[in-house]
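sequence plus the predicted model coming up.
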Amino acid sequence: MDTGIPAHVPQDRVVDVDIYAPPLIGEIGFHRAWAKLQGESPGVVWTPRNEGHWIALSGQALHDVQSDPERFSSRIIVLPRSVGEVHGLIPTTIDPPAHRPYRTLLNANLNPATVRGLGDSIRQTAIDLIEGFRAEGRCDFTTEYAEVFPIRVFMAMVGLPESEAPTIRHWASCMTRPGMDMTFEEAKAAFFERLAPVVDERRAHPGEDMLSNMMAALMDQPEGGEPRRLTRDEALKLSTQVLIAGVDTVVNFLGFVMAELAQNPPLRAQLAAMEGNLMPAVNELFRRFGLVTIAREVRHDIADFHGVSLKGGDMICIPTQVHGLDESLNPDPLALDFARRRAPHSAFGSGPHLCPGQELARKEVAVTLEEWLRRIPDFSLGADADLSPVPGIVGALRRVTLAWAD
């Protein structure tokens with residue numbers, strides 16, 4: 001009888017897991033569900049769900065996949081494969097060395113010096129939002145802050161009107177979450193249609209924004225040859241990828257952080273006492289609340305990878321959150337310990353596709369914590385909060401509402 005399990009997959013490595021809704025996620029939450037699965041499983045397992053694929057569950061296995069493009073290709077990064085095949089955005093689906101010119105463009109616009117230059121505007125945005133609802137004694141943090149703050153910052157960076165943020169975020173959700181009202185292909189086409197006139201205008205008349213800077217820059221070529229600018233097709237793919245990354249990840253990360261702080265007064269007190277030096281705490285929060293579940297394609301047969309044989313063309317999922325939750329690497333991983341140093345995690349990935357926006361993300365989270373705790377040091381979950389997980393490539397909570405004494 002055909003079980004759907006390939007012959008090279010040992011039966012003791014088979015688990016029935018949907019990576020977008022791991023077992024018990026509704027009962028114990030996103031991160032605890034992944035930690036439980038990790039604690040009960042070998043470092044690499046196979047699931048027949050989502051067209052069948054491996055899952056790297058140990059921190060070391062996940063790191064090895066991310067950091068080895070010679071064996072694991074980024075050609076397909078979304079599961080199931082049938083969806084990932086039509087992804088094609090850059091540079092996330094390009095392997096070294098071909099991806100380097102595009103990464104250079106991103107790095108030039110998201111480097112630490114650039115982010116430092118944005119510091120005042122990021123801080124003022126946070127202050128304006130918090131002051132806008134502080135007197136009310138409550139807020140829907142998800143819609144009134146998390147879905148506004150990082151997106152307002154990012155839309156200014158790319159020179160697009162803030163009024164378009166809800167539409168762009170909806171398209172991004174359709175490309176990162178199952179069961180939405182648009183297919184992956186439809187949402188991608190919507191991005192391209194909206195961005196086509198933007199790309200044409202800024203290729204012809206570059207402004208001072210991030211998209212203009214990337215389109216005007218000359219890219220060195222990995223194979224040599226004359227430096228060149230992005231083609232129109234490349235500009236559309238890169239701009240779409242930039243927008244998806246800029247309007248989704250930090251939004252959802254902030255929800256997990258504030259939900260935790262609302263339920264943990266001692267943790268809030270620790271953060272308040274660290275004012276002005278929050279980066280160690282921010283790094284620990286990213287370690288604890290990793291979010292992104294993506295994949296790689298096995299390039300060729302591998303006889304032994306953490307105890308299993310992989311075949312060329314196999315897909316292997318890399319749920320980045322499990323790296324920071326691996327107790328063999330981070331003792332008591334579900335606890336937040338701001339004294340941890342150099343705790344391994346993959347909240348921003350690792351290897352050649354390390355997230356170029358990590359400095360901006362850290363800055364946005366640090367500023368949020370500083371300005372929120374300065375103005376609203378004591379708060380709790382609102383009565384109408386809904387901390388049920390939202391399935392998708394990027395982990396999320398459905399609704400984080402907060403309350404405090406006005």
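Great, that's in hand. Residues are numbered from 1 along each chain as shown.

the longest helix seen in the chain packs against which elements?
Longest helix of the chain, by residue count under DSSP state H: helix 184-204. For helix 184-204, the packing partners by 3 or more C-beta pairs under 8 Å, 6 or more residues apart in numbering; DSSP states H and E come out as helix 165-176, helix 210-216, helix 232-246. No exception for glycine: its C-beta is placed from N, CA and C like everyone else's.

buried ones in the second one?
Across helix 210-216, burial judged by 16 or more other C-beta atoms under 10 Å covers 210-215.

ok, stretch 266-274 next?
Neighbour-count burial for stretch 266-274 [16+ other C-beta under 10 Å]: 267-268, 271, 274.

between those, which is closest to Glu51?
Nearest to Glu51 among the buried residues of stretch 266-274: Leu267, at 40.4 Å, using C-beta to C-beta.

the strand or helix carrying that closest one: how far from the chain's middle?
Using DSSP states H and E, Leu267 sits within helix 265-273. Taking C-alpha atoms, centre = their mean, to the nearest Å, the mean C-alpha location of helix 265-273 is offset from the chain mean by 26 Å.

what packs against it?
So helix 265-273, by 3+ C-beta pairs under 8 Å, 6+ apart, packs with helix 249-262, helix 358-375.

quick one, the longest helix of the chain and helix 165-176 angle?
Helix 184-204 runs at 130 degrees relative to helix 165-176, counting by axes from the mean of the first three to the mean of the last three C-alpha atoms, to 10 degrees.

so what touches helix 184-204?
When contacts are defined by C-beta atoms under 8 Å, 6 or more residues apart in numbering, helix 184-204 is touched by residues 78, 83, 86-87, 89, 159-160, 164, 168, 171-172, 174-175, 180, 182, 209, 211-212, 215-216, 229-230, 232, 235-236, 239-240, 243-244.

swap in stretch 268-287?
Outside stretch 268-287, the residues within contact range by C-beta under 8 Å, 6+ apart are 253, 257, 261, 324, 330, 336-341, 343, 345, 347-348, 361-362, 365-366, 369-370, 373-374, 377-378.

please repeat the previous calculation with a cut-off of 6 Å.
Applying C-beta atoms under 6 Å, 6 or more residues apart in numbering, the contact partners of stretch 268-287 are 257, 261, 324, 336, 338, 340, 343, 345, 347, 362, 365-366, 369, 373, 377.

wait, Gly290 sits on Pro319?
No: counting by C-beta atoms under 6 Å, Gly290 stays clear of Pro319, with 8.1 Å between them.

chain center to stretch 226-245, what's the gap?
From the chain centre to the centre of stretch 226-245 is a distance of 19 Å (C-alpha atoms, centre = their mean).

and that stretch, C-alpha only, in PDB?
The C-alpha trace of stretch 226-245 is given here as PDB (Å, rounded to 0.1, in the frame of the first residue of the first chain):
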ATOM      1  CA  GLU A 226      30.300  45.800 -16.000                       C
ATOM      2  CA  PRO A 227      28.300  47.000 -13.000                       C
ATOM      3  CA  ARG A 228      24.700  47.500 -13.900                       C
ATOM      4  CA  ARG A 229      21.400  48.700 -12.500                       C
ATOM      5  CA  LEU A 230      18.400  46.500 -11.600                       C
ATOM      6  CA  THR A 231      16.200  45.500 -14.500                       C
ATOM      7  CA  ARG A 232      12.500  46.400 -14.300                       C
ATOM      8  CA  ASP A 233      11.600  42.700 -13.500                       C
ATOM      9  CA  GLU A 234      14.300  42.600 -10.800                       C
ATOM     10  CA  ALA A 235      13.100  45.900  -9.300                       C
ATOM     11  CA  LEU A 236       9.500  44.600  -9.100                       C
ATOM     12  CA  LYS A 237      10.600  41.400  -7.400                       C
ATOM     13  CA  LEU A 238      13.000  43.100  -5.000                       C
ATOM     14  CA  SER A 239      10.500  45.800  -4.100                       C
ATOM     15  CA  THR A 240       7.800  43.300  -3.400                       C
ATOM     16  CA  GLN A 241      10.100  41.300  -1.100                       C
ATOM     17  CA  VAL A 242      11.100  44.400   0.700                       C
ATOM     18  CA  LEU A 243       7.500  45.400   1.400                       C
ATOM     19  CA  ILE A 244       6.500  42.000   2.600                       C
ATOM     20  CA  ALA A 245       9.400  41.900   5.000                       C
END
